[in-house]
Structure formats: C-alpha cells, structure tokens
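J.: Got a predicted structure plus its sequence, pasted below:
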Amino acid sequence: MVNAMTVGMRIDAAINDLNNLSSTQLYALIVVGTCLIATFLLGNGDQQSLEMTSAAAAAFNKSAKTTASTSNKNSQPEPRWYIFRMINYAMLVAFVASVANFVWNYAAYAVDSAVLLRFLLGWSACLIYFFGFFGVSFVHDVVPQADSEPAPQQPPSEKIHQVVPSPVHQPMKKKVVDAPCPKDAPVCTDPSSFVASRKAPLPSNLTELNDAQVASLVLSGQMKDHELEKRLDCHRAVDVRRLVMQEKLAAVGRDAFALQDLPTQPSLDYSRVHGANCEIVVGYVPLPVGMVGPLRINDMSVYVPMATTEGCLVASANRGCKAISVTGARAIVLKDGITRAPCVRMPSAMDAAHLKLWCDEPTHFARLKAAFESTTSFGKLKSCSPTVAGRNVYIRLVCFSGDAMGMNMVSKGSLAVIELLRSEFPELKLIALSGNMCTDKKAAATNWLEGRGKSVVTECTIPKEVVHKTLKTTVPAIVETNINKNLIGSAMAGTIGGFNAHAANIVTAVFLATGQDPAQNVESSNCITLLEATEDGDLHISCTMPSLEVGTVGGGTTLPAQAACLKAMGCQGGDRENPGANAQRLALITATAVMAGELSLIAALAANTLVQAHMAHNRKK
C-alpha cells in the first residue's frame with residue numbers, strides 16, 4: 001500500500017514541477033494567476049469601494065459631518081486615508097525600482113530560475129495590490145466632493161424664505177440686469193449669454209409659489225424669463241414677467257411702474273381713440289409686446305419694447321443687445337428735420353425758375369421762415385429747397401418739430417409759406433400740399449440722400465470672443481456674409497436704402513409699441529449696415545439711418561399703452577427744458593435696436609442657423 005503524500009511532499013513536488021517549466025511558461029502562469037486574483041477582488045469589492053470612496057470624499061470635505069455620520073452609523077473615527085496614498089507611492093517606487101534592477105542585471109538574473117521566480121512573485125504582488133487597492137486613493141481624488149452625499153432637505157418654508165430675499169416691488173440691491181447669456185444659448189434666446197450654472201435647483205413646488213417669489217427666482221438667475229411659460233401657464237408668466245421688468249427698469253434708473261398702463265388683459269379706452277386715432281371703431285387688435293435689453297447706448301442702459309407677431313424676432317434682437325452691451329454702442333443724431341414739399345404751378349417754366357431763384361435769396365427765406373414759424377410754438381423752418389420741373393415747382397421745406405414727429409406741424413406751416421408766395425406771385429397755383437418730394441411713406445432717393453426726420457448713425461465694436469460665444473460665428477464669416485448679402489446683393493437688386501438685413505423688422509416693432517405711424521417704416525427703415533474686422537480681430541458694426549421719423553408727443557403716443565412703452569424707455573412726452581431731446585433719444589434707441597437685430601440675423605445667416613431658430617421659436621407646438 002502506497003503511503004499518502006503529505007502536504008510538504010506535495011509542495012516539494014509542485015516546486016519541482018515549476019523548476020521544470022521554462023521562464024516564459026512560468027511568467028505566463030503567474031500573470032494568469034494574478035489577473036484571476038485581481039478580477040476576484042475587483043468583482044467583489046464594488047459596494048465596499050463605493051462606501052470607502054464616499055467616506056474618503058467626506059473626510060476631505062470640511063462640511064461633511066452629516067455625510068460622515070450617514071456613512072459610518074457607529075460614529076467610529078474616520079480612517080486615516082492619507083496612509084493609503086503613502087502606501088501607494090511606496091509600492092509604486094518599489095515596483096519601478098525592481099523592474100529597473102532586473103533590467104540592469106538581466107544577464108545574471110535571467111539564467112537563475114530561483115531569482116527570476118522571486119522577481120515574478122514580487123511583481124505579481126504589486127500588480128494585485130495596484131488592481132485591488134490603488135483605486136481607493138485615486139477615486140478619492142477625482143470624485144467631486146459635492147456628489148458624496150446629497151444635501152439635506154429643508155422644510156418648504158425655509159426654501160421659500162431663501163429664494164425670496166425681499167418683496168419684488170422694492171428695487172433689489174444686487175444688479176442682475178446685465179447678466180450675460182447662457183453658454184449653450186441657441187440662436188434665439190433671452191441672454192448672455194455666459195451665465196454661471198444655477199447655484200440651486202428650482203423648488204419642487206414652483207407652481208405653488210406666489211408671483212413675487214417666482215419673480216425673485218428669475219431675478220436671482222435660478223430661472224430664465226423665457227422659461228416662465230413652460231413652467232407656469234402662459235397667462236401667469238406675463239404677470240410674473242411684469243414684476244421682473246419692474247426690477248429691471250428700476251435697475252437702469254427708470255420708473256419701476258412705467259409699464260403700468262400697458263394692459264395685460266383685453267382693454268381699451270375708446271374715449272381716448274375717438275377724434276384722435278381711429279373712426280368707425282368696432283374693436284381693436286391686440287399685439288404682444290416683448291422687451292429686449294438691457295441695451296447700452298452712450299453709457300446708458302435701456303430696455304426696448306417691441307410689438308410683433310413674428311416669432312423669434314424679439315429673442316434674436318435680445319441676443320444682439322447682449323453682444324452690443326458688452327462694450328456699449330455709440331450713437332448720434334446728424335440731422336433733425338421733418339419735410340413737406342408742396343407742388344405749385346406757374347404760368348411758364350421761366351416763371352417757375354424765377355420763383356425758385358426768389359426762394360433761394362437769404363432775405364426772402366427769412367420772410368418764409370417767419371411766416372412758417374408764426375403757426376407753431378416749437379416748429380422752426382430750417383431750409384427751403386425748390387426743384388423745378390417745367391412749370392411745376394416742388395418746394396421742399398425742412399422743419400425742426402421738437403418732440404413731435406411733425407407732419408401736422410410742417411403741413412400747417414407749409415400753408416403759411418404758400419400764402420406768402422401767393423402774395424409775391426399772384427399767378428401761383430397750389431396743386432398739392434404734398435408733392436411727393438417730401439417724401440412720405442414711399443421709398444425715395446431724396447430721403448436716402450438728404451434725410452428726413454432724424455438722421456442717425458450708431459456703431460459698436462464687438463470683441464471676437466463675444467462673436468464666437470454669443471453670436472455663434474466668427475468675425476471673418478459674419479463680415480463676408482454682410483458684404484455679399486447686404487452690399488452686393490442689395491446693389492444687384494437695385495434697392496434704395498435697403499443695404500441691410502431686416503431693419504424694417506425692428507423699426508416696425510418699435511413703432512407699433514410706441515405709437516408711431518407704422519406706414520412711415522418705409523422711409524424710416526432706410527439703413528446701410530457695415531461690418532468690418534478691426535486690427536485686433538474684433539468686429540466693428542455700424543448702422544446709418546438717414547430718415548428715421550419718430551416722435552414722443554401727439555398721434556398714437558397719447559394712448560396709455562403706447563405711452564407706457566415710451567415711459568419705460570425714458571422718453572415719454574415732450575422735454576420742456578430741451579425740446580426735441582425725447583424724440584432724438586427715441587431715434588437713437590431705435591437705430592441701435594436695429595443694429596442689434598442686424599447683428600443677430602447676419603450672425604445666424606453666417607452660421608446657417610436661421611431656419612433652425614425659426615423652427616424652434618416661430619412654430620406653434
């Protein structure tokens with residue numbers, strides 16, 4: 001009977017078998033065994049590793065007392081995790097040193113199987129340690145501390161108290177109106193863009209908060225104003241946004257309640273309309289009004305009301321406002337004079353020529369000026385330019401009209417001028433008080449070259465970083481698009497005053513909101529938009545608008561809603577100390593808002609995102 005082999009005998013036999021293996025076979029066997037052991041450790045250590053990682057992150061977080069208590073229910077002292085890091089470094093140094101030693105003495109070690117076995121066993125131990133335990137310190141270093149444990153829940157009352165630091169009707173000390181637009185903002189969105197991520201999540205009971213509390217969320221940056229309709233109902237969103245706008249207007253030095261007379265519910269005082277704005281009234285057509293801004297012009301910040309039914313227009317203009325407001329725009333009124341050109345007929349062409357020459361005399365012009373200004377308190381006749389066409393004479397009168405747009409004023413004064421001319425030329429016959437050389441509500445080279453109303457130029461330099469982040473394009477791309485579209489394309493079309501992308505869009509929206517004559521958007525939209533790269537690679541943009549016809553008194557500006565929009569911009573009514581200042585201010589704001597709209601649309605075309613934006617914002621879901 002063969003005696004059973006003892007444990008020692010089995011070990012000796014196994015060692016003898018190993019000695020008979022080649023170096024390659026032995027190394028392969030050790031590597032396979034190492035991988036199996038490491039896999040076993042990793043596969044059964046997930047839960048333990050998570051707990052260790054959570055505890056390690058908590059130990060490094062100074063505010064992690066709550067986390068430590070939940071991770072260690074027995075309230076035992078936290079392990080000294082830095083010891084793991086020190087051991088890791090020691091094992092790594094030992095492993096690298098052993099490999100270097102083996103490589104340096106390879107000739108001697110390779111032929112000695114016992115020495116080779118010791119090296120392989122040591123390396124295997126290092127690999128097992130690295131696989132099984134090195135991740136503890138590694139994960140501790142890379143896992144965000146904030147994720148180690150959720151924040152403790154607060155009672156609802158405490159949450160609301162933190163969200164709403166003060167009543168909305170009181171101006172907040174913290175200025176938030178110039179907050180830039182989100183980094184991932186689409187083409188059409190409310191801005192800069194560049195706002196940091198939300199510091200705190202929105203309350204789960206958002207719909208249960210009152211309007212003032214929701215408005216405070218918007219003002220604090222926790223929620224964007226364009227999200228209100230999605231998170232609330234559309235009607236309540238308007239009420240909340242009105243509260244937000246009160247704070248924003250107050251922040252730029254305007255009356256916080258300027259929009260009080262801008263209705264949010266169907267209403268119109270028809271007694272204000274009768275005899276002033278419309279006849280045979282059967283109702284009214286409500287138009288939504290959006291506010292863009294803040295828009296920085298000549299070191300002042302302003303919000304611009306725009307009435308429109310074109311989706312994406314307000315959002316796009318708002319993006320342009322944010323890009324402009326980084327550095328601010330500069331704008332100036334070059335000319336200020338409304339025109340009327342009566343058509344008169346003389347017996348002969350020679351008589352018509354004599355009439356023109358008579359009007360050109362400075363002494364005779366002084367008489368015409370006195371006659372004109374006798375009919376108005378604010379109007380001033382600035383020039384008289386007759387144009388002869390056979391027996392016809394078109395007398396283009398240019399009148400400063402103060403804060404009024406001035407059509408009634410200049411028409412009344414023109415009649416006084418005609419009466420004076422009749423006294424000098426009895427044969428003169430008035431054909432039409434307006435002979436179309438004014439030119440009113442029609443595209444005309446006269447307005448493009450000579451100007452009508454307010455002639456304005458506005459400009460701004462946009463840093464290239466803003467062009468990239470906010471406008472989602474590059475300076476060379478947007479410049480090239482403007483040249484080929486607004487300059488070459490408009491020239492090929494034979495346009496008059498149409499060297500722009502969509503100036504009429506902004507002009508009309510502002511006109512409707514502020515009570516201007518919407519038909520005058522024809523000549524008021526004359527605009528040339530120029531873009532060029534600066535020496536520093538930034539973008540320079542300018543808009544020149546020679547015939548912007550606006551006023552802040554008379555006409556539709558007297559209606560409560562339109563007056564409220566003017567008040568929000570700080571230019572309602574007439575300026576008694578400096579007549580004409582409010583109307584000129586409105587012209588500067590309108591022209592710069594046009595520049596904002598131009599900037600955003602041309603950028604969208606350069607980036608080929610126009611259709612995408614309109615599909616997202618101009619389609620009813």
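T.: Received, thanks. Numbers count the residues shown, from 1 in each chain.
J.: Verify the contact between Ala568 and Ala258 for me.
T.: Yes - contact criterion CB atoms under 8 Å: Ala568 and Ala258 qualify, at 4.1 Å. Any C-beta I mention is one placed from the backbone N, CA and C, and that applies to glycine too.
J.: Which residue of those two possesses the greater neighbour count?
T.: Comparing Ala568 with Ala258 by neighbour count (other CB atoms under 10 Å), the higher total belongs to Ala568, at 30 against 23.
J.: dump the residue contacts of that one.
T.: Met245, Leu249, Arg254, Asp255, Ala258, Leu259, Met291, Tyr303, Pro305 (CB atoms under 8 Å, 6 or more residues apart in numbering).
J.: Can I take it that the second one is in a strand?
T.: No - secondary structure assignment places Leu249 outside any strand; it is helix (DSSP: H, G, I helix; E, B strand; the rest coil).
J.: what touches both of Ala568 and Ala258?
T.: The contact sets of Ala568 and Ala258 overlap at Leu249 (CB under 8 Å, 6+ apart).
J.: Rebuild the contacts of Ala568 as JSON lines, extending it with distance to Met437.
T.: Supplementary listing: those in JSON lines, determined by distance: CB to CB, whole Å:
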{"residue": "Met245", "distance to Met437": "43"}
{"residue": "Leu249", "distance to Met437": "42"}
{"residue": "Arg254", "distance to Met437": "40"}
{"residue": "Asp255", "distance to Met437": "42"}
{"residue": "Ala258", "distance to Met437": "39"}
{"residue": "Leu259", "distance to Met437": "40"}
{"residue": "Met291", "distance to Met437": "38"}
{"residue": "Tyr303", "distance to Met437": "38"}
{"residue": "Pro305", "distance to Met437": "33"}
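J.: Going through the residues you listed, which ones are buried?
T.: Among the contacts of Ala568, the ones that count as buried by 16 or more other CB atoms under 10 Å are Met245, Leu249, Arg254, Ala258, Leu259, Met291, Tyr303, Pro305.
J.: doesn't Pro305 make contact with the first one?
T.: No - the pair Met245 and Pro305 does not pass the contact test of CB under 8 Å, sitting 9.8 Å apart.
J.: Can you pull the residues that touch both of these two?
T.: Met291, Ala568.
J.: Toward the C-terminus from the lowest-mean-pLDDT helix or strand in the chain, list the very next helix or strand.
T.: Every helix and strand in the chain was compared by mean pLDDT, DSSP states H and E; the lowest is helix 156-163, with a mean of 35. Per DSSP states H and E, the first helix or strand lying C-terminal to helix 156-163 is helix 211-219.
J.: chain center to that next one, what's the gap?
T.: 20 Å (CA atoms, centre = their mean, to the nearest Å).
J.: Output the contacting helices and strands for that helix.
T.: In this structure, helix 211-219 packs against helix 156-163, helix 234-251, with contacts taken as 3 or more CB pairs under 8 Å, 6 or more residues apart in numbering; DSSP states H and E.
J.: what about 6 Å?
T.: Judged by 3 or more CB pairs under 6 Å, 6 or more residues apart in numbering; DSSP states H and E, the packing partners of helix 211-219 are helix 234-251.
J.: Pull out the buried residues from the helix it packs on.
T.: Neighbour-count burial for helix 234-251 [16+ other CB under 10 Å]: 237-238, 240-251.
J.: Next, format those residues as JSON lines and append distance to Val99.
T.: Output for those, formatted as JSON lines (distance: CB to CB, whole Å):
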{"residue": "Ala237", "distance to Val99": "67"}
{"residue": "Val238", "distance to Val99": "72"}
{"residue": "Val240", "distance to Val99": "67"}
{"residue": "Arg241", "distance to Val99": "68"}
{"residue": "Arg242", "distance to Val99": "72"}
{"residue": "Leu243", "distance to Val99": "70"}
{"residue": "Val244", "distance to Val99": "66"}
{"residue": "Met245", "distance to Val99": "70"}
{"residue": "Gln246", "distance to Val99": "72"}
{"residue": "Glu247", "distance to Val99": "67"}
{"residue": "Lys248", "distance to Val99": "66"}
{"residue": "Leu249", "distance to Val99": "71"}
{"residue": "Ala250", "distance to Val99": "71"}
{"residue": "Ala251", "distance to Val99": "66"}
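J.: Quick check: which ranges of the chain have low pLDDT?
T.: 1-5, 7-8, 10-12, 14-82, 84-85, 131-199, 266, 610-621 (pLDDT under 70).
J.: now the strands for it?
T.: Secondary structure of the chain, counting by DSSP state E: strands at 289-297, 300-307, 330-340, 343-345, 380-389, 392-400, 429-432, 453-462, 498-499, 527-533, 539-548.
J.: out of the ones you listed, nearest to Ala587?
T.: Of all the strands of the chain, strand 453-462 sits nearest to Ala587, with 3.8 Å by CB to CB.
J.: What strands flank that closest one, and is each parallel or antiparallel?
T.: strand 330-340 (antiparallel), strand 539-548 (antiparallel) (DSSP bridges).
J.: Quick check: which of these is nearest to Ala97?
T.: Comparison of these against Ala97 by CB to CB identifies strand 539-548 as nearest, at 58.6 Å.
J.: Please tell me how far that closest one is from the chain's geometric centre.
T.: Computed by CA atoms, centre = their mean, the chain-centroid distance of strand 539-548 equals 20 Å.
J.: and if you look at stretch 248-262?
T.: Chain-centre distance of stretch 248-262: 20 Å, with CA atoms, centre = their mean.
J.: and the end-to-end length of it?
T.: 16 Å (CA to CA, to the nearest Å).
J.: What of stretch 293-311?
T.: Terminal residues of stretch 293-311 lie 17 Å apart, using CA to CA.
J.: Buried residues of that stretch, list them for me.
T.: Applying 16+ other CB under 10 Å to stretch 293-311 flags 293-297, 301-308, 311 as buried.
J.: Distance to Thr474 added to those residues, as a markdown table?
T.: Shown next, in a markdown table, are these (distance: CB to CB, whole Å):
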| residue | distance to Thr474 |
| --- | --- |
| Gly293 | 26 |
| Pro294 | 26 |
| Leu295 | 24 |
| Arg296 | 24 |
| Ile297 | 26 |
| Ser301 | 28 |
| Val302 | 29 |
| Tyr303 | 29 |
| Val304 | 27 |
| Pro305 | 32 |
| Met306 | 28 |
| Ala307 | 34 |
| Thr308 | 29 |
| Gly311 | 27 |
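J.: Out of those residues, which is nearest to Ala603?
T.: Closest approach between these and Ala603, by CB to CB: Leu295, at 16.6 Å.
J.: For that closest one, which residues are in contact?
T.: Taking CB atoms under 6 Å, 6 or more residues apart in numbering, we find Leu295 in contact with Val302, Val304, Cys321.
J.: for it, which residues make a bridge with it?
T.: Val302.
J.: how much space between it and Arg585?
T.: Counting by CB to CB, to the nearest Å, the gap from Leu295 to Arg585 is 13 Å.
J.: How about Lys335?
T.: Distance of Lys335 to Arg585, given as CB to CB: 16 Å.
J.: Equivalent analysis for His235, please.
T.: For His235, the distance to Arg585 - CB to CB - is 33 Å.
J.: How about Thr470?
T.: The value you get for Thr470 to Arg585, if CB to CB is used, is 26 Å.
J.: quick one, what contacts Ala519?
T.: So Ala519 contacts Lys441 (CB under 6 Å, 6+ apart).
J.: now do 10 Å
T.: By CB atoms under 10 Å, 6 or more residues apart in numbering, the residues touching Ala519 are Asp440, Lys441, Lys442, Thr508, Phe511.
J.: Just send those residues back as TSV, with neighbour count and distance to Asp403 too.
T.: As requested, the contacts of Ala519 are exported to TSV (neighbours: other CB atoms under 10 Å; distance: CB to CB, whole Å):
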residue	neighbour count	distance to Asp403
Asp440	21	19
Lys441	16	21
Lys442	13	25
Thr508	24	21
Phe511	25	16
